[in-house]
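Chemist: coords below, sequence missing:
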């Protein structure tokens, strides 16, 4: 069974702090995606990483794909209340039905002003 | 309208009712998806349509019936639902179905079955 485990499950921080959330698996993925979902809305795609070791930056957000393509991290610098939401990772596994996106449970982030 | 829209945004229905959820995508995509999002569970893929043909049905009970009349519209017909079917139902679309094609989601319909 291909699983994506996200940690931590919940995170509450103050505005201006830095944080990192993780997405880990024992399986290899051909690509991984990160989404942010705000309350009452659908997930919004932030980034897709496809190459092992790849680093992508989106303003204050830095995404990294592990060298072995089994894990990924999201680092937020100087968090703001607008960063509050559920951060979901999802990936297409290398083996099996690689057209079916596998989802993590998400990290729920609250940034307090 | 841009992106993916869903109506209604909220729906409360009894177990004997029949209702339909509607999804429309304005992105020119060829694949559309229905997902169920429940607390403490990963997103569950229910149905996939590619070029208006249903290509995936992930053991979804027959009380959920999808319909895709064209590549821009997707419906989910509901009848005789159970309380455990209460969840956020999300529609998504992608350019094609397959590896690395990114999915764009609608805002969802919050369904409560009483």
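Modeler: Ah, there it is. Keep in mind it's a predicted model, so treat the numbers as computed, not measured. Numbers count the residues shown, from 1 in each chain, chains lettered A, B, ... in the order given.
Chemist: Flag the shaky bits of the chain, pLDDT-wise.
Modeler: By default, I'm working from chain A. Counting by pLDDT under 70, chain A contains low-confidence residues at A:1-2, A:96-99.
Chemist: sorry, should have said chain B
Modeler: B:1, B:97-100.
Chemist: residues contacting the most centrally placed residue in chain B?
Modeler: Nearest residue to the geometric centre of chain B (Cα atoms, centre = their mean): residue B:34, 2.9 Å. Neighbouring residues of residue B:34 by Cβ atoms under 8 Å, 6 or more residues apart in numbering or on different chains: B:23, B:45, B:46, B:47, B:66, B:74, B:76, B:89, B:90, B:91. C-beta here means a position set from N, CA and C on the backbone, and glycine is covered the same way.
Chemist: which ones among these come in contact with chain A?
Modeler: The residues of those that also fall near chain A, by Cβ under 8 Å from any Cβ of the partner chain, are B:45, B:90, B:91.
Chemist: from these, which is closest to chain A?
Modeler: Of all the ones next to chain A among the contacts of residue B:34, chain A sits closest to residue B:90, with 5.1 Å by Cβ to the nearest Cβ.
Chemist: That closest one bridge partners, please.
Modeler: Counting by DSSP bridges, residue B:90 is bridged to residue B:35.
Chemist: Could you report the neighbour count for it?
Modeler: Burial of residue B:90 is recorded as 26 neighbouring residues (other Cβ atoms under 10 Å in any protein chain shown).
Chemist: and if you look at residue B:94?
Modeler: 21.
Chemist: Surely it is in contact with residue B:105, unless I've mixed up the numbering?
Modeler: No - between residue B:94 and residue B:105 there is no contact under Cβ atoms under 8 Å: 10.2 Å.
Chemist: For chain B, give me its nearest residue in chain A.
Modeler: Here chain A gets closest to chain B at one residue, residue A:42, 3.4 Å apart by Cβ to the nearest Cβ.
Chemist: ok, for that residue, nearest residue in space, not its chain neighbours?
Modeler: Once flanking residues are discounted, residue A:42 sits nearest to residue B:105: 3.4 Å by Cβ to Cβ, 6 or more residues apart in numbering or on different chains.
Chemist: Please apply the same query to residue A:20.
Modeler: Closest residue to residue A:20 apart from its sequence neighbours, by Cβ to Cβ, 6+ apart: residue A:75 at 4.6 Å.
Chemist: same deal with residue B:2?
Modeler: Among residues not flanking residue B:2 along the chain, residue B:26 sits closest, at 5.6 Å (Cβ to Cβ, 6+ apart).
Chemist: Could you do residue A:26 as well?
Modeler: Spatially, and ignoring its direct neighbours in sequence, residue A:26 is nearest to residue A:70 (6.7 Å; Cβ to Cβ, 6+ apart).
Chemist: One more: residue A:94?
Modeler: Per Cβ to Cβ, 6+ apart, closest to residue A:94 is residue A:28, 4.3 Å.
Chemist: So that neighbour sits against residue A:91, correct?
Modeler: No - between residue A:28 and residue A:91 there is no contact under Cβ under 8 Å: 9.4 Å.
Chemist: These two: which has the busier surroundings?
Modeler: Taking other Cβ under 10 Å, residue A:28 and residue A:91 do not tie; residue A:91 has more neighbours (29 against 15).
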